[in-house]
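> Okay, sequence plus prediction incoming.
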Amino acid sequence: MKLFLVAFCFTFMFVAQVFGQCANYDNMDFVVAVDSSKSMGKPNFVEVKRLVVRLINSFNTSPTRTRVSMYKFTTFSDRRSELYLNEKMGNKRLQRKEVWGMPYKGYGSYVGKALSHAFRVSFTERLGDRPGSRNVLLVITDGRSYDGVRVISERLRNLKDVMIYAIGVVPVNGRGIFQRTLTDMTNDMDRVFLAPTGDWAGPMFERLVAQFTSDFCN
């Protein structure tokens, strides 16, 4: 219990310090696309959930500040379990419940199709995307895809003004992260992160927050 309280206080102080730097830090439409393929593995999928929950806890989620969306993908993007930008706005308890309840799938990975889903579905006004709001897409994958990502990534950046971040996760099949996919998505090495093996949600949270602060506040 004491360790939990210490960890909670440290996270709270860290986030408060970051948020104090910039009033616009957590004012965005934030979408997370999660690779649920067989090579990602269930342990990595659990770490993804831990990371997203920490991000939700750290943001000022509300209809007028930060809206959060999350979906998983394999050969297609799963709309049945998707959390949309205009759902449960400001209710962190229900948002966390949606994230923890998202099932792991397994199958092949089509990252390009997942990015097309973000373009056609997630970042649309009818599902909560706000004109004039900062659009942020975080893609978490091992980078191994059966389709290309460069063209659709350019469309997201240029036509939807989406800032794309990518976390590369070591696949459970031992083949390693395919980093080219990550850099093709972000077009910026500063927005590419490589997760260590094991429990990586904590280190990735701090690195993401630091990069968000650099990008949103400078």
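Arrived safely.

> Averaged pLDDT, stretch 158-165. What do you get?
Mean pLDDT, computed over stretch 158-165, is 97.

> quick one, helices of this protein?
With DSSP state H as the criterion, the chain has helices at 2-19, 42-58, 92-100, 111-117, 150-159, 179-186, 201-217.

> what separates the fourth one from the chain centre, distance-wise?
Centroid displacement of helix 111-117 relative to its chain, using CA atoms, centre = their mean, to the nearest Å, is 14 Å.

> Other residues contacting it?
33, 35, 71, 73, 75-77, 137, 139, 141, 143, 145, 147-149, 152-153, 156, 181, 185 (CB atoms under 8 Å, 6 or more residues apart in numbering). Every residue, glycine included, has its C-beta placed from N, CA and C.

> Quick one, which of the helices of the chain gets closest to residue 123.
Closest approach to residue 123 among these is made by helix 150-159 (7.6 Å; CB to CB).

> roughly how far out does the closest one sit from the chain middle?
17 Å.

> Stretch 43-63 now?
8 Å.

> Extract the CA atoms of it and return them as CSV.
Provided in CSV are the C-alpha atoms of stretch 43-63 (Å, rounded to 0.1, in the frame of the first residue of the first chain):
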residue,chain,number,x,y,z
PRO,A,43,1.7,-9.2,-22.3
ASN,A,44,2.4,-6.3,-24.6
PHE,A,45,-1.3,-5.6,-25.0
VAL,A,46,-1.6,-5.4,-21.2
GLU,A,47,1.2,-2.9,-21.1
VAL,A,48,-0.5,-0.8,-23.8
LYS,A,49,-3.6,-0.6,-21.6
ARG,A,50,-1.5,0.4,-18.6
LEU,A,51,0.1,3.2,-20.7
VAL,A,52,-3.2,4.5,-22.0
VAL,A,53,-4.8,4.5,-18.6
ARG,A,54,-1.9,6.5,-17.2
LEU,A,55,-2.3,9.0,-20.1
ILE,A,56,-6.0,9.3,-19.4
ASN,A,57,-5.3,9.9,-15.7
SER,A,58,-2.8,12.6,-16.6
PHE,A,59,-5.0,14.5,-19.1
ASN,A,60,-7.7,17.1,-18.3
THR,A,61,-10.3,15.1,-20.2
SER,A,62,-13.5,17.0,-21.0
PRO,A,63,-15.6,18.0,-24.0
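
> Right, I'll call it a day here.
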